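Engineer: my questions concern the predicted model and sequence given below.
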Amino acid sequence: MKLSKRWHMILTALVLALCLGACTKTMSYTFHVETGDKIKVAMDITDGYTFSQKEGTFTASMDGRDILTGIFLTGDMYDQYLEAIQGEEFEILKESQQNGCSYIQYRYEGDHIENNFVCWVSDSNTGLFLASLEDQQSAEDAFERLSFSKE
């Protein structure tokens, strides 16, 4: 009987250790935006990522570098962004849906290079613009850690 209890304790400790190691750490902010919506933005902050907000904008960072900075858009502003990125200095990289929004990922090449996202939050009246001066992979990695929802 002692052996059985010992194995039970060992297995319980092992399962607990695996669960704690597999957990992600998420941080979120809920914004009351100009459209009248309450939008929750959450980010998986494991692996050295940080997430902050200031005066209605939010920033995803890694190792002290700001990777993505996001602002909220009204429907008119969103439409203006969509029209603007049809210009020849913009390269559409991807159009998809992920983590509570439909989005367009694009690259701007002018006097500097940007890897940006224009998003529409599902079931809302709110868009987002997420800007990055970092390389495409860094911007994508940070974006994939974000999720958006109307509260």
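Structural biologist: Received the coordinates, thanks.

Engineer: contacts, neighbours, all on C-alpha from now
Structural biologist: OK.

Engineer: buried sites along stretch 144-151?
Structural biologist: With burial defined by 16 or more other Cα atoms under 10 Å, the residues of stretch 144-151 counted as buried are 145-150.

Engineer: a helix runs through residue 143, doesn't it?
Structural biologist: Yes. Assigned with DSSP: H, G, I helix; E, B strand; the rest coil, residue 143 falls within a helix.

Engineer: beta partners for the closest residue to it other than its chain neighbours?
Structural biologist: When the adjacent residues along the chain are set aside, residue 143 lies closest to residue 68, with 7.6 Å between them (Cα to Cα, 6 or more residues apart in numbering). Under DSSP bridges, the beta-bridge partners of residue 68 are residue 60.

Engineer: next, count neighbours for residue 68.
Structural biologist: Residues lying near residue 68 (other Cα atoms under 10 Å) number 25.

Engineer: show me what the strand or helix carrying residue 82 is packed up against.
Structural biologist: Residue 82 is part of helix 75-84, with elements assigned from DSSP states H and E. Packed against helix 75-84 by the contact rule (3 or more Cα pairs under 8 Å, 6 or more residues apart in numbering; DSSP states H and E) you find strand 113-121, strand 127-131.

Engineer: and if we set it to 10 Å?
Structural biologist: strand 65-73, strand 113-121, strand 127-131 (3 or more Cα pairs under 10 Å, 6 or more residues apart in numbering; DSSP states H and E).

Engineer: residue 99 is nearest to which of the ones you listed?
Structural biologist: strand 113-121 (9.2 Å; Cα to Cα).

Engineer: what strands flank the closest one, and is each parallel or antiparallel?
Structural biologist: Here, using DSSP bridges, strand 113-121 pairs with strand 101-109 (antiparallel), strand 127-131 (antiparallel).
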